[in-house]
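Colleague: would you be able to build a 3D model of this:
(one chain, ligands or ions: 1)
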Amino acid sequence: MKNRSLIARTGFAFAGWRTAFQRERSFRAHVGIVIFGAVLLLIVRPEPIWWAIVALICALVVAIELVNSAIEALCDMLHPGIHPEIKAVKDMVSGAVLAVTLAAIVVAAALIYAHWHVVMGKLAL
Ligand SMILES: Nc1ncnc2c1ncn2[C@@H]1O[C@H](COP(=O)(O)OP(=O)(O)OP(=O)(O)O)[C@@H](O)[C@H]1O
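Modeller: Sure, this is the predicted structure:
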């Protein structure tokens, strides 16, 4: 299975997105954050640096949730029973997701604050 073509590997990556979307409610919730970010960008139409910041934080949100889901799935397969080490592992990856989610909230708040007049102007229409 090693050294597959770029197209094949891209297909596996999309399959990973599909699997997470079908199986994980929290992944679907984080996709919602990405959609919110995209809508915010389209409404505010900020400077290019903001597009880069929002794209980066959205990618981080999705990526960390995928890693979280993968680690949880691996834990559940390797050790279906209750174990304090499994709890520690799952709690730590959840902590990583929380850190990135909080950063996403800060980015959204900063974007809205920096473009408050634009947001209010659009909402008034
Ligand atoms: N096998 C286990 N042994 C001990 N504690 C566990 C085990 N599985 C889950 N837990 C505890 O339950 C919490 C929730 O685990 P669960 O697998 O339900 O993930 P989750 O919260 O549904 O994650 P997500 O919402 O990201 O899918 C973990 O953070 C951990 O504290």
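
Colleague: what about the residue in the chain positioned nearest to the ligand, which helix or strand?
Modeller: Proximity of the chain to the ligand (Cβ to the nearest ligand atom) peaks at Lys87, 3.3 Å away. Quick note: C-beta positions are derived from backbone N, CA and C, even for glycine. In this assignment (DSSP states H and E), Lys87 forms part of helix 84-114.

Colleague: Ala73 now?
Modeller: Under the criterion of DSSP H and E, Ala73 resides in helix 48-78.

Colleague: now do that helix against helix 84-114, angle only.
Modeller: Counting by axes from the mean of the first three to the mean of the last three Cα atoms, to 10 degrees, helix 48-78 points 160 degrees away from the direction of helix 84-114.

Colleague: tell me how far helix 48-78 is from the chain's mean position?
Modeller: Centre-to-centre, helix 48-78 and its host chain are 4 Å apart (Cα atoms, centre = their mean, to the nearest Å).

Colleague: elements contacting that helix?
Modeller: The helices and strands touching helix 48-78, judged by 3 or more Cβ pairs under 8 Å, 6 or more residues apart in numbering; DSSP states H and E, are helix 6-23, helix 25-44, helix 84-114.

Colleague: which of the residues in the helix or strand bottoming out on mean pLDDT in the chain are buried?
Modeller: Within the chain, no helix or strand scores below helix 116-124, which has a mean of 84 by mean pLDDT, DSSP states H and E. Applying a neighbour-count criterion of 16 or more other Cβ atoms under 10 Å, one finds Val119 buried in helix 116-124.

Colleague: helices or strands up against that helix?
Modeller: helix 25-44.

Colleague: the helix it packs on near the ligand at all?
Modeller: Yes - where contact is defined by Cβ under 6 Å from any ligand atom, part of helix 25-44 touches the ligand, namely Ser26.

Colleague: next one: stretch 64-83
Modeller: Yes - residues of stretch 64-83 contacting the ligand under Cβ under 6 Å from any ligand atom: 68, 72, 82-83.

Colleague: quick one on the thing from earlier: how about the helix holding Ala73: buried residues?
Modeller: By neighbour count on 16+ other Cβ under 10 Å, the buried set for helix 48-78 is 50, 53-54, 57-58, 60-62, 64-66, 68-69, 71-72, 75.

Colleague: brilliant, that's me finished.
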